[in-house]
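Asks: Sequence first, then the predicted structure, then my questions.
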Amino acid sequence: MQKRIIKALVFDGEALRGAESGEKIEGGYFRYAVEEAAAGLGGLYVREEGSGDAAHDKYIAALLELCRGKALKVCASVHMKKQEDIKKVLYAGCAFAAGDALRDTAVLKDGSERFGRDRIAAVLRGEDLKAILGGANPEGAAEEFEGCGAAEVIEEIASFASVLVLDGADPVSAAAAAKAAEGAGIRAAAASPAMGIEEGAGFLANEAASAAAVRLGAEGVEGARAAMAAAGLDMNAFASGVSFSEMKKDQAGLVPTVVQDDETDEVLMLAYMNEESFNKTLQTGVMTYYSRSRRELWKKGETSGNYQFVRSLSIDCDKDTLLARVVPVGPACHTGNRTCFYTKLDESEAAARKKPYEVLEEVYGVIMDRKENPKDGSYTNYLFNKGIDKILKKVGEECAEILIAAKNPDPEETKYEISDYLYHLMVLMAEKGITWEDVTEELARR
């Protein structure tokens with residue numbers, strides 16, 4: 001069972017702060033998430049405390065920035081009024097949208113049906129948990145919880161949520177709730193430093209959690225991980241089915257490692273691992289190599305901030321080469337290029353063909369050029385000159401043309417109409433300042 005440290009943050013209407021320390025997070029939320037993940041943090045629980053539409057919009061913007069690098073799993077609570085609130089949190093890139101288990105029940109159930117139970121977390125406040133364990137129905141709780149015992153309440157929560165967040169719960173009542181959660185098949189996570197549970201049901205031992213929380217304040221996340229390990233709790237994010245001793249190494253004891261982007265399949269770089277760097281990579285989930293020139297361990301991104309987070313590690317049939325699929329934050333190459341393999345030596349005619357995404361980018365580039373450098377007689381400039389209403393009218397018309405063409409058994413007309421539609425859609429994107437990268441990043445967040 002994998003258990004990972006999670007930390008709790010609050011958004012006070014203006015900025016994110018530590019839930020317990022109250023310390024304001026400086027230097028940008030994206031950078032914060034990257035650095036915490038590189039230090040070994042497993043995830044974040046973020047609670048919305050501000051009120052009003054302006055504060056809510058700032059909160060969603062903060063979540064977008066926090067999730068941008070996909071460095072950490074984020075579970076974010078939100079003031080729930082309707083299903084749209086859940087959508088905003090999930091589309092911001094959060095792994096889970098969380099709401100009050102006892103009072104946002106109807107919205108959470110609707111969200112579970114639309115987005116899936118595995119994207120929904122339910123929050124039990126410490127005072128509510130005490131009331132339930134004491135046999136009382138908390139004030140304002142939904143009617144379905146009236147007269148229910150603790151186990152029944154959690155079983156009901158498990159029907160629409162995959163994670164139970166225990167916020168502000170004391171260790172004794174949290175342990176009791178987590179035990180009931182395990183029986184109901186729902187994961188429990190305590191919103192307190194080093195008391196989190198991820199990737200499986202169960203609850204961290206109170207003594208170990210308390211010791212790790214002390215370490216977290218004094219020595220940071222790595223100290224907390226050490227405290228967990230000392231208490232006999234497995235904090236590794238990954239475990240290898242093949243030991244390093246079984247791999248075929250070169251004379252220096254190194255194994256070459258090919259690094260590939262997990263989302264795009266692009267090959268980013270080639271590096272080397274020794275046994276220490278291999279184990280460090282498994283322990284932290286951040287790619288760590290051995291530098292042959294400096295003769296020392298090299299955590300990718302430690303100085304540049306261009307970290308690489310592990311998604312999977314594989315070994316070839318001869319057990320002499322590793323393949324690491326990663327989520328990169330920033331370029332892989334020291335030159336600033338996305339990949340080290342940016343110099344083309346030769347390529348076949350087939351390899352030189354445009355890839356679908358490249359064609360869309362190229363056409364979009366032409367449209368943007370027309371917008372910035374108008375050309376007489378250009379249809380694209382005609383649309384820009386007529387303005388947004390004309391562009392929207394054409395997008396609607398071309399969408400209707402696709403529907404008509406799709407009734408024809410021959411797909412050729414449909415392909416033609418889809419191409420027309422995509423062109424007009426890109427004119428709209430250019431008018432609104434939206435790029436294909438913006439769109440694909442939004443899709444990836446979902």
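Replies: Yep, that arrived.
Asks: pull the helix or strand with minimum mean pLDDT from the protein.
Replies: The element with the least model confidence among the helices and strands of the chain, by mean pLDDT, DSSP states H and E, is helix 206-230, at a mean of 53.
Asks: Give me the residue ranges of this protein where confidence is low.
Replies: 1-5, 38-40, 171, 191-238, 347-354, 445-446 (pLDDT under 70).
Asks: Secondary structure class of the residue most central in space within it, three-state.
Replies: Centroid-nearest residue in the chain, with Cα atoms, centre = their mean: residue 70, separated by 3.9 Å. For residue 70, the assignment made with DSSP: H, G, I helix; E, B strand; the rest coil gives coil.
Asks: so is the nearest residue to it once chain neighbours are set aside in a helix, a strand, or just coil?
Replies: In this structure, residue 70 finds its nearest non-sequential neighbour in residue 327, 5.3 Å apart by Cβ to Cβ, 6 or more residues apart in numbering. Where you see a C-beta, it was placed from the backbone N, CA and C, and this is true even at glycine. Following three-state DSSP, the label given to residue 327 is strand.
Asks: same check, this time on residue 93
Replies: Remark: residue 93 carries the secondary structure label coil [criterion: three-state DSSP].
Asks: quick one: it and residue 74 touch, right?
Replies: Yes - under the criterion of Cβ atoms under 8 Å, residue 93 lies in contact with residue 74, with a separation of 7.3 Å.
Asks: what do those two both touch?
Replies: When contacts are counted by Cβ atoms under 8 Å, 6 or more residues apart in numbering, the set common to residue 93 and residue 74 consists of 63, 66, 67.
Asks: will you turn these into JSON lines that also has secondary structure?
Replies: Rendered in JSON lines, the data for the shared contacts of residue 93 and residue 74 read as follows (three-state DSSP):
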{"residue": "63", "secondary structure": "helix"}
{"residue": "66", "secondary structure": "helix"}
{"residue": "67", "secondary structure": "helix"}
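Asks: out of the residues you listed, who's nearest residue 108?
Replies: Distance to residue 108, by Cβ to Cβ, is smallest for residue 63 among the shared contacts of residue 93 and residue 74, at 18.0 Å.
Asks: Can you tell me the number of residues neighbouring the residue lying closest to that closest one once chain neighbours are set aside?
Replies: By the measure of Cβ to Cβ, 6+ apart, the closest residue to residue 63 outside its immediate chain neighbours is residue 92, 4.0 Å from it. By other Cβ atoms under 10 Å, the residues close to residue 92 number 23.
Asks: Report the contact partners of residue 92.
Replies: 60, 63, 64, 67, 76, 445.
Asks: Scan those and report the most crowded one.
Replies: residue 76 (28 neighbours).
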